[in-house]
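Student: got a structure for you, letters missing:
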């Protein structure tokens, strides 16, 4: 089994255990079904610290973990699709492991180098993903969403999606965006906010809140960033709400009318992006601008 990279997803899965383990030894493993140039192995690792338990089984003191990777180190360096390629797997090396019980043993869901700062971030993310968090407390949630530690933020976003009503999640995300000037974190939150747009609800209050926040995004940051916000806005407003063209336009216009941002400022910002970016980005700007010019 080749592990993935979604450590935040593993943290949110109660069946997965998360731990820091030290490589004791690595043994080869034969399997005729492997790709050419790949080699199988079994990593024997000693668990040094448990960060989160599995709901299915207790984590043992030692783990025997099967994996495979290309034998040629140069090929491994070029292939970023397999997390095992990033590791030395030498005795004494520390690993950050997300593992789940399987067939009497343990299978790896995610694996990373067990750097101390990453371990500390994972421990905090575990608390957010599985521990008690007051998801109605806006100040605490907004602080977590603004956290530069991406794993903590990702864990909190999953909790919001799983454990709170849509209006609460959208409210927290909008508040976090309004409190941020850091472009990389804003971009991550913009992507998350877009997932809360629900086309089947047409021009409801929460869709209007999402579109308002996306529209305000075209005011902030360098041109490439503002183009990305215009793209998010276009994906929402130009969603195929209805097969009838006239009803389609009515829904899109209704959403634009509900946007809590100055139409003059939105038009000016969009006109400032005219001709910028790739052809698909230019098309998105034109589509959104056309809706505002109808107001």
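Tutor: Right, received. Where do you want to start? As the structure is a prediction and not an experimental result, all values here were calculated from the model.
Student: what segments of the stretch 1-150 of the chain are helices?
Tutor: 7-11, 73-78, 116-130, 138-145, 150-163 (DSSP state H, counting those that start in this stretch).
Student: TSV please, covering these and showing mean pLDDT, mean neighbour count and distance to residue 207.
Tutor: C-beta: built from backbone N, CA, C; applies to glycine. TSV is the format used below for the helices of the stretch 1-150 of the chain (pLDDT from 0 to 100; neighbours: other Cβ atoms under 10 Å; distance: least, Cβ to Cβ, whole Å):
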stretch	mean pLDDT	mean neighbour count	distance to residue 207
helix 7-11	91	23	26
helix 73-78	90	11	44
helix 116-130	92	19	27
helix 138-145	90	18	20
helix 150-163	92	20	16
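Student: closest to residue 41 out of the ones you listed?
Tutor: Closest approach to residue 41 among the helices of the stretch 1-150 of the chain (Cβ to Cβ): helix 73-78, 12.6 Å.
Student: about what we covered before: can you put the helices of the stretch 1-150 of the chain in JSON lines and add distance to residue 90?
Tutor: Shown next, in JSON lines, are the helices of the stretch 1-150 of the chain (distance: least, Cβ to Cβ, whole Å):
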{"stretch": "helix 7-11", "distance to residue 90": "22"}
{"stretch": "helix 73-78", "distance to residue 90": "13"}
{"stretch": "helix 116-130", "distance to residue 90": "18"}
{"stretch": "helix 138-145", "distance to residue 90": "36"}
{"stretch": "helix 150-163", "distance to residue 90": "25"}
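Student: and of those, who's closest to residue 261?
Tutor: Short answer: helix 138-145, nearest of the helices of the stretch 1-150 of the chain by Cβ to Cβ, at 20.3 Å.
Student: so the closest one versus helix 150-163, what angle?
Tutor: 130 degrees (axes from the mean of the first three to the mean of the last three Cα atoms, to 10 degrees).
Student: which stretches of the chain have low pLDDT?
Tutor: 1, 32-33 (pLDDT under 70).
Student: tell me the angle of the lengthiest strand in it relative to helix 116-130?
Tutor: When the chain is parsed with DSSP state E, its longest strand is strand 38-52. Between strand 38-52 and helix 116-130, the angle comes out at 60 degrees (the same axes, to 10 degrees).
Student: ok, back up a step: who wins for proximity to residue 240 among the helices of the stretch 1-150 of the chain?
Tutor: Nearest to residue 240, of these and by Cβ to Cβ, is helix 150-163 at 23.8 Å.
Student: which residues are contacting the closest one?
Tutor: 7-9, 11-12, 121-122, 124-126, 128-129, 133, 135, 141, 144-147, 168-169, 172-173, 185, 188-189, 192, 195 (Cβ atoms under 8 Å, 6 or more residues apart in numbering).
Student: in the helix or strand containing residue 266, what's buried?
Tutor: Taking DSSP states H and E as the definition, residue 266 sits inside helix 263-271. Buried residues in helix 263-271, counted by 16 or more other Cβ atoms under 10 Å: 266, 269-270.
Student: got it, and stretch 20-40?
Tutor: 20-23, 26.
Student: which stretches of the chain form strands?
Tutor: 17-29, 38-52, 62-70, 94-102, 105-113.
Student: closest one of the buried residues of stretch 20-40 to residue 237?
Tutor: residue 20 (46.2 Å).
Student: wait, doesn't the closest one sit right on residue 99?
Tutor: No: taking contacts as Cβ atoms under 8 Å, residue 20 lies outside contact range of residue 99: 11.8 Å.
Student: by contact count, what packs against the helix holding residue 266?
Tutor: helix 279-293 (3 or more Cβ pairs under 8 Å, 6 or more residues apart in numbering; DSSP states H and E).
Student: point out the other helices and strands that the helix it packs on packs with.
Tutor: Using 3+ Cβ pairs under 8 Å, 6+ apart: helix 279-293 touches helix 223-237, helix 245-258, helix 263-271.
Student: let me have these in CSV, adding distance to residue 178 as columns.
Tutor: Formatted as CSV, the helices and strands packed on helix 279-293 follow (distance: least, Cβ to Cβ, whole Å):
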stretch, distance to residue 178
helix 223-237, 14
helix 245-258, 18
helix 263-271, 16
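Student: how about the strands of the chain in CSV, adding distance to residue 3?
Tutor: Converted to CSV, the strands of the chain look like this (distance: least, Cβ to Cβ, whole Å):
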stretch, distance to residue 3
strand 17-29, 13
strand 38-52, 11
strand 62-70, 7
strand 94-102, 8
strand 105-113, 4
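Student: list the buried ones in stretch 88-104?
Tutor: For stretch 88-104, by 16+ other Cβ under 10 Å, it's 89, 93-101.
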